[in-house]
Each structure stands twice: as C-alpha cells, then as structure tokens.
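K.L.:
Could you work out the structure for the sequence below:
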Amino acid sequence: MDLDRPSVTENLVRIAIEAGEKILAIYNQDFDVQTKNDASPVTEADVAAEKVILSGLKDLTPDIPVLAEESVAAGHSPDLSGGVFWLVDPLDGTKEFIHKRGEFTVNIALVEQGKPTMGVIHVPAKNTTYYASGPGDAWRKDQDGTLSRLSVRPAPAEGLTVVASRSHRTPETDDYIANFKVADLISAGSSLKLCLVAEGAADLYPRLGRTMEWDIGAGQAILEAAGGTVETLDGAPLAYGKEGHDNPFFVAKGNI
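P.N.:
Below is the predicted model of the structure:
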C-alpha cells in the first residue's frame, strides 16, 4: 500500500500517546469495572481511549477500515474484504489496569493482506512507546525522549529468558517451556511481553492460551521488524482477518 510510512508511524505514536493520557486520567481516580459478554473486564478507560484512536485514524487514513476491540464487543465489525485495515486494542492488560500494576498498553497495528506491517505500543504508566514502520525500523522512545533501535538478541549460551503471561498462564505453556534450557522466567502483563523479546530483554514468549488478533498485532509488527518471529505451534505465520478474530496458540521468538 502506498503510504508515507514514517509520517504515518509518527502520527500513530501521537494518537497512542493521546489515548494513553485519557487512560491515565481515569487510572488515577476511582473507576467502575464492567464485564463483557466473553466475561472479560472493561472500564471507561477502554472506551475513552478507543474513541480517541478511532477519531485519530479517521483523520489520518479515512479510507482504511478499523477493527477495534470495544467496537467489535458492541457489535460493530467493519468490512475487511479489502485486506488492509487498522487493528486496535485501546487498553491491553485491563486486569493490570484494574489492579494498578501499570503493565497496560495502547496498541495500534496496520494489517496488510493478513500480516501486521506497522505497529505502535504505548505504555502510559511509563510514558514509553515502542513502534515500527517496517523491517529493521523498530524503536523504543523513553520518557526522556531517548530513542533506542530495537533488535532481538542471539540466544545466550547460559539459557533463555522466557516471558509468560502474568494473568493467563496455562499448564500447556509450562509444558512447552520445559522443552528449553531456561536461565530466567519473567512474568509480565499485556503486549509488553512481545516488546521484551523485541528489545532483547527476553528470548521466548509462548502463548498457549486464548488471545485475539488485536492483542497481538502491534506487538507482532514490532517484533518482526526487530528481527523476531511470531508463529503458530506448527511453524505457520500468525495470520489476521480471521473469522471471529481468535488466534491459535503461538510462539514469539527472538534469535533462537
């Protein structure tokens, strides 16, 4: 698709930060928690952040449809038959948000013909943003404005650092991890797990549990731009635009 990708990415970062500011305003006060039809929690922060993102994307690329978590939950699914669409999780890690743990993120990805090609993950509580506009072009911007290029690391000889879900770890995940020489195991929330692999702080993130496309798309774009992979257990690429938008089990890897 003919996009000025650096310019679009810069605008995605701006939109994600604006959504993060809305989230923090609610995070720092009392808020109500509701339960969606799939039994997952949702707060006013999810809804407020998604509103900011949808407005920003409409101004930025009015012709590209947006698949957004809370809109889908409300029964609004766009036509994705053109193969190009935005994928939005306005607040990934709602459980971390509710429990005031800070490990929640804003996620925006561009999907082209089943593959996430650009992505932004903003961490409001740390004012840190990870983003990628294509292969070899993945970055982290810290609170003080410092920019660091993201790159996966070679697997350490002493063993892998494995990152697993804080809130959704399964016995199947533990069985998978047992196949590797592991030096350290980190628990983390939200799409931060993919960012840890992308920046070389971890080597492996297996997810043998339920996820949705919007949970993973931005992180996959960033990790793959940093030299990593996200694949199903049989080695196939994790694809997007699937009916129902549920993901199969997958494994995110650095250079191993």
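K.L.:
what about stretch 163-178, start to end distance?
P.N.:
13 Å (Cα to Cα, to the nearest Å).
K.L.:
Could I get the average pLDDT for it?
P.N.:
On average, the pLDDT along stretch 163-178 is 87.
K.L.:
which residues are contacting that stretch?
P.N.:
With Cβ atoms under 8 Å, 6 or more residues apart in numbering as the test, stretch 163-178 has contacts from 95-96, 101, 103, 162, 185-189, 193, 196-197, 202, 204-210, 249, 251. (Each C-beta comes from the backbone N, C-alpha and C, glycine too.)
K.L.:
Restricted to strands, list these.
P.N.:
Using DSSP state E, the subset of the contacts of stretch 163-178 located in strands is 162, 185-188, 204-207, 251.
K.L.:
Which of the residues you listed ranks first by neighbour count?
P.N.:
Counting neighbours by other Cβ atoms under 10 Å, the top entry in the ones in strands among the contacts of stretch 163-178 is Tyr205, with 28 neighbours.
K.L.:
ok, so what distance separates that residue from Gly75?
P.N.:
Distance from Tyr205 to Gly75, counting by Cβ to Cβ, to the nearest Å: 32 Å.
K.L.:
all strands of the stretch 101-250 of the chain, in order?
P.N.:
Assigned by DSSP state E, counting those that start in this stretch, the stretch 101-250 of the chain shows strands spanning 105-112, 115-123, 128-134, 137-141, 147-149, 160-165, 182-188, 204-207, 229-232, 250-253.
K.L.:
Alpha carbons only: can I get the first one in PDB?
P.N.:
Once non-C-alpha atoms are left out, strand 105-112 reads as follows in PDB (Å, rounded to 0.1, in the frame of the first residue of the first chain):
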ATOM      1  CA  THR A 105      -0.700  -0.700  26.900                       C
ATOM      2  CA  VAL A 106      -2.300   1.100  23.900                       C
ATOM      3  CA  ASN A 107      -2.000  -1.000  20.700                       C
ATOM      4  CA  ILE A 108      -2.400   0.100  17.100                       C
ATOM      5  CA  ALA A 109      -1.300  -2.000  14.100                       C
ATOM      6  CA  LEU A 110      -1.700  -1.900  10.300                       C
ATOM      7  CA  VAL A 111      -2.600  -5.200   8.700                       C
ATOM      8  CA  GLU A 112      -2.000  -5.800   5.000                       C
END
